[in-house]
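S.K.: predicted model follows, preceded by the sequence.
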Amino acid sequence: MKIDQCNGCGYCCMTAPCEVSIRLYKSADICPQLQWDEDKGRYFCGLMLLPGNIGLEYRKELYAGAGCCSNLNSWRQDIKKRSRGALSYKYQAIPVMFQVFLKAYGSEPFLSSDITEILLKQFQNGLKKVDYSDEEVNHIISNVRHYINSNKSSMFKEFMP
């Protein structure tokens, strides 16, 4: 296998997120730390760009500088800002800020599934009132449900479904 230097095409982060991304953003289809730099015309990992020891630790964990082993993918020759939505699903991804909220909400063991369903129904009705189509609303609610459920503690999944 030929190892080339990473050229920031975004292929790996968009199609096969690293273990760090899965650990931090387990519900995200595409890592929210993937950042496009317009001036440099390439993607960077936001975690690797963090200052100080935390950035250094992420660079070590993610093998920064070790190279790219996906050198056969066509993106390496066509580096450009790509649509996140086109890769993961038809509509815009849930914003990171909302993902963080849903992760916190999902990890709270004492919120019953009844409360969650009532809130989701109110959210669904609110989306319809501001002109989201039925297809868009169903997609959004499905993704929100996925974020909440995938962040529930396994200890409480059976206790409070």
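M.R.: Everything's here; your move. Residues are numbered from 1 along each chain as shown.
S.K.: ok, and for the strand or helix carrying residue 99, which residues are buried?
M.R.: If you go by DSSP states H and E, residue 99 is part of helix 96-107. The neighbour-count check on helix 96-107 (16 or more other Cβ atoms under 10 Å) flags 99, 102, 103, 105, 106 as buried. The C-beta positions use only the backbone N, C-alpha and C, and glycine is treated the same way.
S.K.: export those as a markdown table, with columns for distance to residue 51 and pLDDT.
M.R.: Output for the buried residues of helix 96-107, formatted as a markdown table (distance: Cβ to Cβ, whole Å; pLDDT from 0 to 100):
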| residue | distance to residue 51 | pLDDT |
| --- | --- | --- |
| 99 | 23 | 75 |
| 102 | 28 | 83 |
| 103 | 24 | 80 |
| 105 | 30 | 87 |
| 106 | 30 | 83 |
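S.K.: quick one, domains of the chain?
M.R.: Listed by automatic domain parsing, the domain ranges of the chain are 11-88, 96-157.
S.K.: can you list the ones you listed in JSON lines and add distance to residue 4?
M.R.: JSON lines is the format used below for the domains of the chain (distance: least, Cβ to Cβ, whole Å):
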{"stretch": "domain 11-88", "distance to residue 4": "5"}
{"stretch": "domain 96-157", "distance to residue 4": "30"}
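S.K.: start to end distance for stretch 19-30?
M.R.: Stretch 19-30 has an end-to-end distance of 12 Å (criterion: Cα to Cα, to the nearest Å).
S.K.: isn't there a strand covering residue 44?
M.R.: Yes - residue state for residue 44 (DSSP: H, G, I helix; E, B strand; the rest coil) corresponds to a strand.
S.K.: so what secondary structure elements neighbour the strand or helix carrying residue 124?
M.R.: Using DSSP H and E, residue 124 falls within helix 113-129. Judged by 3 or more Cβ pairs under 8 Å, 6 or more residues apart in numbering; DSSP states H and E, the packing partners of helix 113-129 are helix 134-150.
S.K.: may I see the buried residues of stretch 145-153?
M.R.: Buried, per 16+ other Cβ under 10 Å, within stretch 145-153: 147, 148, 151, 152.
S.K.: low pLDDT regions in the chain?
M.R.: 1-2, 71-72, 84-94, 153-161 (pLDDT under 70).
S.K.: what residue lies at the spatial centre of it?
M.R.: residue 28 (2.6 Å; Cα atoms, centre = their mean).
S.K.: I figured that residue hits residue 99, correct?
M.R.: Yes - Residue 28 is within contact range of residue 99, at 6.3 Å (criterion: Cβ atoms under 8 Å).
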